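A.B. asks: sequence? don't have it. structure:
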């Protein structure tokens, strides 16, 4: 037998280990293993047992922590865009980026004919145009956000908490994106690669000029737009 925590806020049952499915009755979700249920329960309890050793940010899943370390604290970028040479840490990030060149819009609204490049754009559209979904509101200034992550980053500014620290100069930042931009001042890592000759550059402006020379009569704007 295994037992999920019983609180006044959640209706959680005791389940037998020989059952094929573990059912979280209040939310009608099914799980094949007790471990899956325990992981799911963290969504409701807010428990985040996996902590990053670099910035102390916590996560509900071990896989989320590993993704965070790869995207935020690692400089390895093995995936390059064939349109503009920008480098990415994961194939998923590259796939999303390529849509900005090809114009692909795989996310369509079920209420109207509008389509979107990114899922976050669709989610924002559903909230603003069709009142579908949940707004996340700042308790300090009442500003509303479509994503919990965006609200969390916003709250850090009210609390004046800067968890992202540059290991070179110890300057602190509110978000990983701000730290990422700052780090370019301290490194010679070249994130932009020419898709034709493989030469790397530190700044986008430099690779733009190189593209025009490397591709001859083909304009960089044509490559960038995927035409």
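C.D. replies: It's in. On a predicted model such as this, the values are computed, not experimentally measured, just so you know.

A.B. asks: Residue 130 and residue 109, how far apart?
C.D. replies: For residue 130, the distance to residue 109 equals 7 Å [C-beta to C-beta, to the nearest Å]. For every residue, glycine as well, the C-beta is placed using N, CA and C.

A.B. asks: Have a look at the two and say which one is more surrounded.
C.D. replies: Using other C-beta atoms under 10 Å, the more surrounded residue of residue 130 and residue 109 is residue 109, with 15 against 12.

A.B. asks: which ones are touching the more buried one?
C.D. replies: Contact analysis of residue 109 by C-beta atoms under 8 Å, 6 or more residues apart in numbering lists 115, 116, 122, 125, 126, 129, 130.

A.B. asks: Put the buried members of the residues you listed into a ChimeraX selection.
C.D. replies: To isolate the buried members of the contacts of residue 109 in ChimeraX, using 16 or more other C-beta atoms under 10 Å:
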select :116,122,125,126
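
A.B. asks: Now residue 206: closest residue in space that isn't a chain neighbour?
C.D. replies: Leaving aside its sequence neighbours, residue 206 sits nearest to residue 192 (C-beta to C-beta, 6 or more residues apart in numbering; 7.4 Å).

A.B. asks: residues in contact with the one you found?
C.D. replies: Applying C-beta under 8 Å, 6+ apart, we find residue 192 in contact with 84, 85, 86, 87, 200, 201, 202, 203, 204, 206, 207.
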